[in-house]
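Enquirer: Provide a 3D model corresponding to the input given below.
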Amino acid sequence: MPKHTLLVAALAVALAAPLSAAAETSTDASGEASTLAAVRVTGSNIKRTDTEASNPMQVIGRQQLEQTGKATVADVLRSISANTGNASNETTNNGWASGSAGIGLRGLSQKNTLVLLNGRRLANYGFPAGGLSDTFVDLNALPLVAVERIEVLKDGASAVYGSDAVAGVVNIITRQNFEGAEIGGSFGGADQGGLHEQNLKFVGGLGDLDTDGYNILFSLQGYNRERLDQDERNLTKSGIYTDQPGGRWNGWSAKGARYLVNGVSVPMLDANGNCPTGTTRVASAPIDGLAGDTCGFNQAPFTTLIPSTKRYQAYANGTFRLNDNVEAFGEVLYSQIKSAAWFGSSPFFTLESGRFALNANSGLAEPVSSLLPANNPYNPYGRAIPIEYTFFDLGGTIKTNRSTAYRGVFGLRGTTANWDWEVAAFGARSSERESVSGGFANRWALADALASGSYNLLNPAATPQSVRDSINIATLRPAESKLQGIDAKISGSLGHTWAGEIGFAAGAEWRREKLDSNNPWQIDAGLQVRPAIAEVHGQRQVSAAYAEVNVPLASTLELSAAARADHYDDFGDAFSPKIGLRWQPLDFLLVRASASKGFRAPSLSENSNSTSIAYGSVVDPRDPDVPGSRQNPTFFTVGNNELKPERTRSVNFGVVLSPWANTNLSVDYYRIQLDNLVGTNNTQTLVNDNVAGAVQRDERGKL
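Expert: Sure, this is the predicted structure:
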């Protein structure tokens, strides 16, 4: 396998308020200053009293969260400057993971950013985005009302957290020791109309940990947003973008109803010269380059820009002091999300070349003919002829996705002989149910209808309802991602140098990951034409041990080092070291630098028993009808259990200025090198080179 390398380097500038709870002193009623307790900051297991370590980090506190006016965690993180990677959101996932959202830091994809809740992992979303390539944590499953702050570490952190922490870490920290109650809500919509949303939230807390020995927090949040379709915006409703730079009729489909005769598009017209209902006679060339006319249609009314969403979320945590040195803690999360959208860019079933169905016996994909039989009454050519036809009367492919997430953490923590310790068990699950209301075709019923002529191609309304019912298919696709684990850690002091205390932390972790994403039964039975598949069945166990140390070299200079060893039962071992320097010559000036090695383990969708069938477009220089025209073939991708982890090397150098109270100005240079990249071959390159075995054509040479 060839070795692939990606290098990302950039200069980042940020203006932010520091975390207010860590690095300052407070004044009590007597007027004497008291130092705030040390806290554990994302990127380290060593507690400290200043948040600006050798790692660049952005902290979004509770006050800032409220000031944004955002209703979801995803909306908040979408606006930060470091979120420059290829991350999923509600507008990009209509075809795969509708209604979900991820985050990608430092220009890398979301699978290179680790998302934590209170310092621990969450289960990945059940449907990988983009087929098999992108696994991620759904940010929409986390209730914003329960969040105290969000810490965004913008540096590699595999030495502390293991896999996925390549571009950085997003740690969402919930409210603790909260007393009282808050209730609130909001509603609004877009300036141009639509996207009306309502948000209701409640949070309450009982008990003071210091005086009562316990605290329990509970929160509820409900959110509703209506769907926005493409025809609701002036810019996109016509589907014709010729007035835009590089624009064309790419919002139209030329495949409403037409014959393909020797590379020329011929519209299907009735005796009165009319196209079938729902289509309009237009020139084909502006849409797909073919000569002749076609019965085309504007896809804008059937294309969703932002899906509708309903979310119901509950979160609770509790801490119980067992004695002066030990306390028990726990948290539970429940989230239910329902979203609905037109299914990707194919709002109705279209019969055309390049369509496949699974063979129920072999499990392999086989082509479905797009030839109209010679004896069909709507075939005027007396021979089998290729057609492209959209079946509007089968109904639109409205996809509804129901996602349910659970998470629980229970543990003990305390202090023994001046060492802080913590042990916990955790479990999480993300379950998805994707249903498509219609618009898929039964291959055998469709073939019978075309052979017998019982489906009226020129006047679909005249087709018997029984024929339409026999062709139409509604599907249900389930998926489930599970995470279970235990961890233990200690932190404390190894002693002192002449410049200060030597901080130390160590820990161990074990977890089990499992992902099952199944096909609708109609696909496995070989019934469905044009199946979109992302079937995954994989599981593995991971064990790890780690340690880190902070050594003051001078009153203004600190050295930090960390290392972690991970063992995966599928590919083997990974070792991740990191070293950092922190120099603060003046109260308002901090210089920091770090260098690390890390890794990203192949996801279960990449290295397990997995199959993806997807659809897209390529320019085919060898098309037998119009060389260089755009075609819409089927893409097949399978998992590879021989994959090794991606290896990374990161360097970060930054300067932080604090010219005023509660204000930081930082400038950082970072460089991330990724080796042994896991990915798929570029489909356009495969078609350009006509790679044997990778590109399949019919007897005419058509994709």
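Enquirer: alpha carbons only for contacts and neighbour counts from here, please
Expert: Noted.
Enquirer: Domains in this structure, by residue range?
Expert: Domain ranges of the chain: 5-28+35-239+299-615+644-677, 240-298, per automatic domain parsing.
Enquirer: what would these look like in CSV with distance to residue 687 and mean pLDDT?
Expert: CSV is the format used below for those (distance: least, Cα to Cα, whole Å; pLDDT from 0 to 100):
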stretch, distance to residue 687, mean pLDDT
domain 5-28+35-239+299-615+644-677, 14, 88
domain 240-298, 18, 86
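Enquirer: nearest to residue 630, of those?
Expert: Counting by Cα to Cα, residue 630 lies closest to domain 240-298 out of the domains of the chain; the figure is 6.3 Å.
Enquirer: and the end-to-end length of that closest one?
Expert: Terminal residues of domain 240-298 are spaced 9 Å apart (Cα to Cα, to the nearest Å).
Enquirer: and if you look at stretch 110-122?
Expert: End-to-end distance of stretch 110-122 (Cα to Cα): 14 Å.
Enquirer: residue boundaries of the helices in the protein?
Expert: 62-68, 73-78, 158-161, 285-288, 443-452, 465-471, 521-524, 604-607, 683-689 (DSSP state H).
Enquirer: Please identify the deepest-packed of these.
Expert: With neighbours defined as mean count of other Cα atoms under 10 Å, these peak in mean count at helix 158-161, which reaches a mean of 29.
Enquirer: Quick one: list the elements packing against it.
Expert: strand 533-554, strand 557-568, strand 572-586, strand 589-600 (3 or more Cα pairs under 8 Å, 6 or more residues apart in numbering; DSSP states H and E).
Enquirer: Of all these, which one is nearest residue 698?
Expert: Residue 698 sits nearest to strand 533-554 of all these, at 22.3 Å, using Cα to Cα.
Enquirer: What residues sit buried inside the longest strand belonging to the chain?
Expert: Longest strand in the chain, counting residues (DSSP state E): strand 472-497. Of all the residues in strand 472-497, those buried under the rule 16 or more other Cα atoms under 10 Å are 472-493.
Enquirer: sorry, back to before: so which of the helices and strands packed on helix 158-161 gets nearest residue 56?
Expert: Here strand 589-600 is closest among these (Cα to Cα), at 8.2 Å.
Enquirer: residues in contact with the closest one?
Expert: With contact meaning Cα atoms under 8 Å, 6 or more residues apart in numbering, strand 589-600 is reached by 53-55, 112, 156-159, 162-166, 574-584, 645-658.
Enquirer: I figured residue 306 hits residue 232, correct?
Expert: No - using Cα atoms under 8 Å, residue 306 is not in contact with residue 232; the gap is 11.1 Å.
Enquirer: Tell me which of those two has more neighbours.
Expert: residue 306 (25 against 16; other Cα atoms under 10 Å).
Enquirer: Name whatever forms a beta bridge with that one.
Expert: Assessed by DSSP bridges, residue 306 has beta-bridge partners residue 228.
Enquirer: if we can go back for a sec, I'd like the domains of the chain as JSON lines, with distance to residue 691 appended.
Expert: Listed next are the domains of the chain as JSON lines, based on distance: least, Cα to Cα, whole Å:
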{"stretch": "domain 5-28+35-239+299-615+644-677", "distance to residue 691": "17"}
{"stretch": "domain 240-298", "distance to residue 691": "24"}
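Enquirer: between those, which one is nearest to residue 683?
Expert: domain 5-28+35-239+299-615+644-677 (11.0 Å).
Enquirer: Just list whatever residues bridge to residue 673.
Expert: Beta bridges link residue 673 to residue 7, residue 649, judged by DSSP bridges.
Enquirer: Isn't it up against residue 648?
Expert: Yes - with contact defined as Cα under 8 Å, residue 673 and residue 648 form a contacting pair (5.4 Å).
Enquirer: Could I get the full set of strands for the stretch 301-450 of the chain?
Expert: Along the stretch 301-450 of the chain, counting by DSSP state E, counting those that start in this stretch, strands occupy 304-306, 308-321, 326-342, 349-351, 356-358, 365-367, 371-372, 385-391, 398-416, 419-441.
Enquirer: Those strands: which one's closest to residue 143?
Expert: Of all these, it is strand 308-321 that lies closest to residue 143, at 6.1 Å by Cα to Cα.
Enquirer: Now the closest one: buried residues?
Expert: Buried residues in strand 308-321 (16+ other Cα under 10 Å): 308-321.
Enquirer: for that strand, the distance to its chain's centre please.
Expert: 21 Å (Cα atoms, centre = their mean, to the nearest Å).
Enquirer: now stretch 625-640
Expert: For stretch 625-640, the distance to the chain centre is 24 Å (Cα atoms, centre = their mean).
Enquirer: Show me what counts as buried in that stretch.
Expert: Within stretch 625-640, the residues that count as buried by 16+ other Cα under 10 Å are 625-626, 629-640.
Enquirer: Sitting in strands, which of those residues do you find?
Expert: 629, 630, 631, 634, 635, 636, 637, 638.
Enquirer: List the residues that contact the last one.
Expert: Residues in contact with residue 638 (Cα under 8 Å, 6+ apart) are 606, 609, 610, 611, 612.
Enquirer: Tell me which of residue 673 and residue 648 has more neighbours.
Expert: Between residue 673 and residue 648, counted using other Cα under 10 Å, the more crowded position is residue 648 (24 against 16).
Enquirer: show me the contacts for the more buried one.
Expert: Residue 648 is in contact with 166, 597, 598, 599, 600, 672, 673, 674, 675, counting by Cα under 8 Å, 6+ apart.
Enquirer: Was I right to think the last one contacts residue 646?
Expert: In other words, residue 675. Yes - contact criterion Cα under 8 Å: residue 675 and residue 646 qualify, at 5.8 Å.
Enquirer: Between those two, point out the one with more neighbours.
Expert: Applying other Cα under 10 Å to residue 675 and residue 646 shows that residue 646 carries more neighbours, namely 20 against 16.
Enquirer: So what pairs up with residue 475 in the strands?
Expert: Residue 475 has the following beta-bridge partners by DSSP bridges: residue 436.
Enquirer: how near is it to residue 610?
Expert: Look at residue 475 and residue 610: by Cα to Cα, they are 20 Å apart.
Enquirer: Distance from the chain centre to stretch 554-572, please.
Expert: Chain-centre distance of stretch 554-572: 27 Å, with Cα atoms, centre = their mean.
Enquirer: again with stretch 621-630
Expert: 35 Å.
Enquirer: Quick check: end-to-end length of that stretch?
Expert: 9 Å.
Enquirer: Mind checking the pLDDT average for that stretch?
Expert: Averaged across stretch 621-630, pLDDT comes to 80.
Enquirer: Residue 462: what's its closest spatial neighbour, skipping adjacent residues?
Expert: Spatially, and ignoring its direct neighbours in sequence, residue 462 is nearest to residue 456 (6.4 Å; Cα to Cα, 6 or more residues apart in numbering).
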